[in-house]
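**Student:** Provided below for reference: sequence and predicted model.
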Amino acid sequence: MAEVIKLRKPVPCPICGKPSSQQFHPFCSARCQDIDLNRWLSGSYVIPARDDEDEVLPQEDGGDEE
């Protein structure tokens, strides 16, 4: 029988904290993987953005207007 080589060191699952699985890395199971995907798709994870109101946007030139 061939020896299984682990490619990644197990880390805690970011959803439940159990050791991660090679198959679902960095998650422990398909369930936790789906929970994370749902959080991204539903907007629970948000990358903060800053509105620069003072920033001047270049205006498009309308061409030759006579």
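**Tutor:** Cool, the structure landed.
**Student:** Asp51 versus Gly17, what's the distance?
**Tutor:** Noted for Gly17: a distance of 36 Å to Asp51, by Cβ to Cβ, to the nearest Å. Yep, even glycine has a C-beta here, placed from its N, CA and C like the rest.
**Student:** so which of these two has more stuff around it?
**Tutor:** Taking neighbours as other Cβ atoms under 10 Å, Gly17 and Asp51 compare with Gly17 leading, 9 against 6.
**Student:** if I look at that one, how far off is Ala49?
**Tutor:** 30 Å.
**Student:** which helix or strand contains the residue most central in space within the chain?
**Tutor:** Closest to where the C-alpha atoms of the chain average out (Cα atoms, centre = their mean) is Trp40, at 6.9 Å. Of the helices and strands defined by DSSP states H and E, Trp40 is found in helix 30-42.
**Student:** buried set for that helix?
**Tutor:** 32-33, 35-36 (16 or more other Cβ atoms under 10 Å).
**Student:** between those residues, which is nearest Gln23?
**Tutor:** Gln33 (9.6 Å; Cβ to Cβ).
**Student:** could I get the pLDDT score of the nearest residue to that closest one once chain neighbours are set aside?
**Tutor:** Using Cβ to Cβ, 6 or more residues apart in numbering and skipping the chain neighbours, the partner closest in space to Gln33 is Phe27 (4.4 Å). For Phe27, the model assigns a pLDDT of 94.
**Student:** could you do the one 4 residues further on as well?
**Tutor:** Here, the pLDDT recorded for Arg31 equals 97.
**Student:** start the count at 29, not 1, going forward
**Tutor:** Sure thing, new numbering starts at 29, so read that last one as Arg59.
**Student:** pull up the gap between it and Ala30, please.
**Tutor:** Taken as Cβ to Cβ, the span from Arg59 to Ala30 is 29 Å.
**Student:** got any ranges where this protein has weak pLDDT?
**Tutor:** 29, 32-36, 81-86, 88-94 (pLDDT under 70).
**Student:** strands of the chain, residue ranges please.
**Tutor:** Secondary structure of the chain by DSSP state E: no strands are present.
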